[in-house]
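Novice: Have a look; sequence and predicted model below, questions after that.
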Amino acid sequence: MNEMVPDTLTVLPDPRLFRAARWMQRVWLGVTAMAILLGLMPLVGIPLGGSSTAAAREGLPFLITALLCGISMLLSEPERTGFAVSNARRIVNFLAICALITFWILDRKTAANPRLVVFPSERFALGLCALTIVVILVGQKNWVINRLVDVLVCGLCLLSLLLVADAVFGSLALFGSTAGSPGTAAFLVCLVALTIVVALRQAEHGVFSIFLGVGVGSSLARVFAPILLLLPFAWEAVNQWMNRVGTAGHLGAALVASAGVAVAVGILLFFAWRISRMENEIHDLILRDEATRLFNFRGFHMLADHALRLAQRSGVPFSVLFIDLENLAQIHSQLGPDGTSAALAEAGEILRATFRESDIKGRIGADQFAVAGQFDRAGISVAALRLEAATAARAAKSRRQITLQFSMGHVTTTAGDLQESLRDLLERAGQLRNRQEGQLKETLVN
């Protein structure tokens, strides 16, 4: 339970940017595939950019690992579910780890001969290791793992900036030096493209999610990030062109520019998250029910409708549980307003303790509640039974004169009603609850 996403308003993603990020991941996976093919061409006698067959053969382990990472990212897309897909991804991840360990062993054995180095450079080797770890861990719900992936993705982005700047400054000969080996072009494209893929994937639930959100903080992050990304590199290039002093070399200039980007983007993210958090606090005051600390009618509908659209696009089941606090009027008549407030607060506590923190829980009427989330039929049935058990356990321990009594009904989307709205689901769940309540009364009477 505690490992799930917190039950507070974080960055609410913009659906259009969310879809664009998914498509961009596939585009960059395609770029990775093309770079791998270009890197393999010298092995079949088609040299590109001065690459030799020997250089391509030495870089083959890197291309193999990049291919496995790309396949793993493709298989880990939320739309791809099922037992076969999960096992296939586990196999690919295992092969990537085995390949990485094998290549490190080979690299150690051939380190004495600089012409037989498996990895093209130490920087590429470092990026390859970090990339493999991120590909295996990305998408995890565990808070600690998610933060670790954030750190690794930030490091990968910084390393990619350094390598790209090193290559560009070297090719322009602004710093009195030339670019590295032409055979590293395919390796560089693979590393940069896969870094973009994992950054976009992590942006769905990590520190980079600020770029896909709605609100002022997210808008500022999207506007200023490209400027801060290019400004340090442009400054270094213009400064070198004006002074014509090549003492630092293109690698030193790339290091300085990359460090500038890291500091500037870090400051931008800090203030963007601060602004976003203040927006969330304002939204929290507007969208929360004061008596239960659950979402109110407006907040529940806004967040649950967004979650329903995401579930429909991903093709995953989505369920709504309609709950009625049957004896609230009796509590009010016998215990007064204070007893009513205490009963509502207790109802909110039971719902928060029973359901996952990622589920959307709200008070949608005076005595009506609802829970929405990605449940299948079996899952929402178990959740409803868990709520009944939790209510009974609380009643057994409580010294209240009148204990809470819930009645409920739940529905789950199917393949035929993927376009059904949240309002329709709530109406069906309420009707089901009424039918079940009527049948129960008939049974008691008979």
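Specialist: That came through fine.

Novice: After the lowest-mean-pLDDT helix or strand in the chain, which helix or strand is next? Please name it.
Specialist: Across the helices and strands of the chain, the lowest-confidence element by mean pLDDT, DSSP states H and E is helix 53-58, at a mean of 66. As assigned by DSSP states H and E, the chain's next helix or strand after helix 53-58 is helix 60-75.

Novice: where do the strands sit along this structure?
Specialist: Secondary structure of the chain by DSSP state E: the strands cover 319-325, 360-363, 368-373, 406-412.

Novice: Could you dump those strands into CSV and include mean neighbour count, distance to residue 73 and mean pLDDT?
Specialist: The way it works is simple: take the backbone N, C-alpha and C, and place the C-beta from them, glycine included. Below are those laid out as CSV (neighbours: other CB atoms under 10 Å; distance: least, CB to CB, whole Å; pLDDT from 0 to 100):
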stretch, mean neighbour count, distance to residue 73, mean pLDDT
strand 319-325, 24, 29, 93
strand 360-363, 26, 29, 93
strand 368-373, 25, 26, 93
strand 406-412, 20, 30, 90
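
Novice: and residue 342, which of the ones you listed is closest to it?
Specialist: strand 319-325 (12.7 Å; CB to CB).

Novice: same for the closest one, what does it pack against?
Specialist: helix 328-354, strand 368-373, helix 377-397, strand 406-412, helix 422-445 (3 or more CB pairs under 8 Å, 6 or more residues apart in numbering; DSSP states H and E).

Novice: Mean neighbour count, these: which tops it?
Specialist: strand 368-373 (a mean of 25; mean count of other CB atoms under 10 Å).

Novice: where in this structure is pLDDT low?
Specialist: Low-confidence segments of the chain (pLDDT under 70): 1-13, 44-56, 58, 104-121, 169-184, 233, 235-254, 415-418, 438-446.

Novice: What residues sit buried inside the top helix by length along it?
Specialist: Determined from DSSP state H, the single longest helix within the chain is helix 249-287. The neighbour-count check on helix 249-287 (16 or more other CB atoms under 10 Å) flags 250-251, 253-258, 260-262, 264-265, 268-269, 272-273, 275-276, 279-280, 283, 287 as buried.

Novice: And residue 316, how close does it get to residue 255?
Specialist: Distance from residue 316 to residue 255, counting by CB to CB, to the nearest Å: 44 Å.

Novice: Can you report how many residues neighbour residue 138?
Specialist: 23 (other CB atoms under 10 Å).

Novice: Same check on residue 84?
Specialist: Counted with other CB under 10 Å, residue 84 comes out at 10.

Novice: Quick check: it vs residue 29, distance?
Specialist: 20 Å.

Novice: Repeat that for residue 366.
Specialist: Counting by CB to CB - residue 366 and residue 29 are separated by 51 Å.

Novice: do residue 425 as well
Specialist: 35 Å.

Novice: just checking, residue 36 touches residue 191?
Specialist: No - contact criterion CB atoms under 8 Å: residue 36 and residue 191 do not qualify, at 11.5 Å.

Novice: Now for those two: what residues contact both?
Specialist: Residues touching both residue 36 and residue 191 (CB atoms under 8 Å, 6 or more residues apart in numbering): residue 66.

Novice: higher neighbour count, these two?
Specialist: residue 191 (28 against 20).

Novice: which ones are touching that one?
Specialist: Here residue 191 is in contact with 66, 124, 127, 128, 131, 159, 160, 163 (criterion: CB under 8 Å, 6+ apart).

Novice: And residue 292, by the same measure?
Specialist: By CB under 8 Å, 6+ apart, the neighbours of residue 292 are 344, 345, 347, 348, 351, 363, 369.

Novice: Go again with 10 Å.
Specialist: 341, 343-352, 361-363, 369 (CB atoms under 10 Å, 6 or more residues apart in numbering).

Novice: Nearest to residue 402 among these?
Specialist: Nearest member of the contacts of residue 292 to residue 402, counting by CB to CB, is residue 343, at 7.8 Å.

Novice: Hmm, that closest one is touching residue 400, no?
Specialist: Yes - assessed by CB atoms under 10 Å, residue 343 is found in contact with residue 400 at 7.9 Å.

Novice: anything in contact with each of those two?
Specialist: 331, 335.

Novice: quick one: stretch 68-86 to chain centroid distance?
Specialist: Distance of stretch 68-86 from the chain centroid (CA atoms, centre = their mean, to the nearest Å) equals 15 Å.
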